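1. when you get a sec, could you give me coordinates for this:
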Amino acid sequence: MILAMGAPKPRTGLLGDTPRRDYAEKLKLFNTFARPELREAIDALSVPPASRVLDAGCGTGDALGWWRASLPDGAVVVGMDLSAVHATIARGVAAGTPVVQGDLLAPPFADGVFDRVWTINALHHLRDPVAGVRALAKLLRPGGRIAVGQSSLVPDMYFAWDARLEARVNEAVRAYYRDRYGCSESEFTAVRSLVGWLQRAGLRDVGVRTRMIERTHPLAEADERYLLECIFRGTWGERLRNYLRPVDFAELARLCDPGDERYALRRPDFHFLQSLTIAVASG
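-> Sure thing, here's the model as predicted:
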């Protein structure tokens, strides 16, 4: 029996996550954007035949299909997400793959039933990521491995031609999120201790690899859509007006406006970099 009954109800996460929260469109855009690098990371993990794999924080389920294509004979993948909306979408996207709604801190599975656990851009949503690692590690069979991924441990590069503005924008984003969620700077920057989370959780044989998601002009449609909708509009935009000098906000607004001749994503010198770090450890 994989499922365990009577799991505690989840608590609100550091970034406001609850079972009712829905940011499915952003997840879909990111998965399409980062698909080549995520698929490469999945394919690089060694999974024995007849294994059970858990995608913890599966979001809209795109990676479940990539896992199924990568798995050896007899292996299966199961999805889990805190958001009930995301879990429902994932069941449709990855038809035939089991997907449950559940909390990383109290996963609704029996201990020791998975050979691999994969969790990407999820643990930093917890107030206690080490507790999340420990909870997921308990699901591993003897010899099982957990892969924890996080994007942007290294600051992203958007404006290769203007590092000063880029730094001002990054600081404005941090200030906005500090005010919005009532969190300290140390809570947001703690994500960089990804390897430390695994070590403090008592896991063994910790290894890590960082890939760079790199895009240049001309951008594919999916890449431009993600950067425009999720970053230029969804993360920046009007919300940063009070956190930037007027001259800097005006410059940012022009670079983010597809109708402006200076629109960043159509500049011949546009060069984007984002890190994707995958740390793997034994339970």
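2. nearest residue to the middle of this structure?
-> residue 121 (2.3 Å; C-alpha atoms, centre = their mean).
3. need the contact list for it.
-> By C-beta atoms under 8 Å, 6 or more residues apart in numbering, the residues touching residue 121 are 30, 57, 149, 150, 151. All C-beta spots, glycine's among them, are computed from the backbone N, C-alpha and C.
4. next, format those residues as JSON lines and append pLDDT, distance to residue 201 and neighbour count.
-> Formatted as JSON lines, those follow (pLDDT from 0 to 100; distance: C-beta to C-beta, whole Å; neighbours: other C-beta atoms under 10 Å):
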{"residue": "30", "pLDDT": "97", "distance to residue 201": "26", "neighbour count": "20"}
{"residue": "57", "pLDDT": "97", "distance to residue 201": "16", "neighbour count": "26"}
{"residue": "149", "pLDDT": "97", "distance to residue 201": "16", "neighbour count": "22"}
{"residue": "150", "pLDDT": "96", "distance to residue 201": "15", "neighbour count": "22"}
{"residue": "151", "pLDDT": "96", "distance to residue 201": "21", "neighbour count": "20"}
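5. can you list these in CSV and add secondary structure and distance to residue 266?
-> Converted to CSV, the contacts of residue 121 look like this (DSSP: H, G, I helix; E, B strand; the rest coil; distance: C-beta to C-beta, whole Å):
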residue, secondary structure, distance to residue 266
30, helix, 21
57, coil, 34
149, strand, 30
150, strand, 30
151, strand, 24
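6. nearest to residue 47, of these?
-> residue 149 (15.6 Å; C-beta to C-beta).
7. that closest one and residue 123, how far apart?
-> Using C-beta to C-beta, to the nearest Å, residue 149 is found at 9 Å from residue 123.
8. then residue 222?
-> From residue 222 to residue 123 the distance is 26 Å (C-beta to C-beta).
9. neighbour count for those two, which is higher?
-> Shown here are residue 222 and residue 123; by other C-beta atoms under 10 Å, residue 123 has more neighbours (24 against 14).
10. you'd agree that one is up against residue 132?
-> Yes: counting by C-beta atoms under 8 Å, residue 123 touches residue 132, with 5.0 Å between them.
11. which residues do these two both contact?
-> residue 104.
12. buried ones in the lowest-mean-pLDDT helix or strand in the chain?
-> Scoring the helices and strands of the chain by mean pLDDT, DSSP states H and E places helix 185-189 at the bottom, with a mean of 73. The neighbour-count check on helix 185-189 (16 or more other C-beta atoms under 10 Å) flags 187, 188 as buried.
13. for the helix or strand just after it, give me every contacting residue.
-> Per DSSP states H and E, the first helix or strand lying C-terminal to helix 185-189 is helix 194-200. Here helix 194-200 makes contact (C-beta under 8 Å, 6+ apart) with 123, 129-130, 133, 146, 148, 150, 153, 206, 208, 277, 279, 281.
14. what's the local residue count around residue 69?
-> 10.
15. who are the packing partners of the helix or strand hosting residue 42?
-> Taking DSSP H and E as the definition, one finds residue 42 inside helix 35-44. Applying 3 or more C-beta pairs under 8 Å, 6 or more residues apart in numbering; DSSP states H and E, one finds that helix 35-44 contacts helix 62-70, strand 204-216, strand 271-282.
16. could I get the ones you listed as JSON lines with mean pLDDT and distance to residue 110?
-> Listed next are these as JSON lines, based on pLDDT from 0 to 100; distance: least, C-beta to C-beta, whole Å:
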{"stretch": "helix 62-70", "mean pLDDT": "97", "distance to residue 110": "21"}
{"stretch": "strand 204-216", "mean pLDDT": "97", "distance to residue 110": "22"}
{"stretch": "strand 271-282", "mean pLDDT": "98", "distance to residue 110": "20"}
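17. of all these, which lies closest to residue 189?
-> strand 271-282 (14.4 Å).
18. which parts of the closest one are buried?
-> Neighbour-count burial for strand 271-282 [16+ other C-beta under 10 Å]: 272, 274, 275, 276, 277, 278, 279, 280, 281, 282.
19. do you know how far the last one is from residue 95?
-> So the one you mean is residue 282. According to C-beta to C-beta, residue 282 stands 33 Å off from residue 95.
20. can you check what angle separates whichever helix or strand residue 53 is part of from helix 62-70?
-> Using DSSP H and E, residue 53 maps to strand 52-56. Going by axes from the mean of the first three to the mean of the last three C-alpha atoms, to 10 degrees, strand 52-56 is angled at 160 degrees with respect to helix 62-70.
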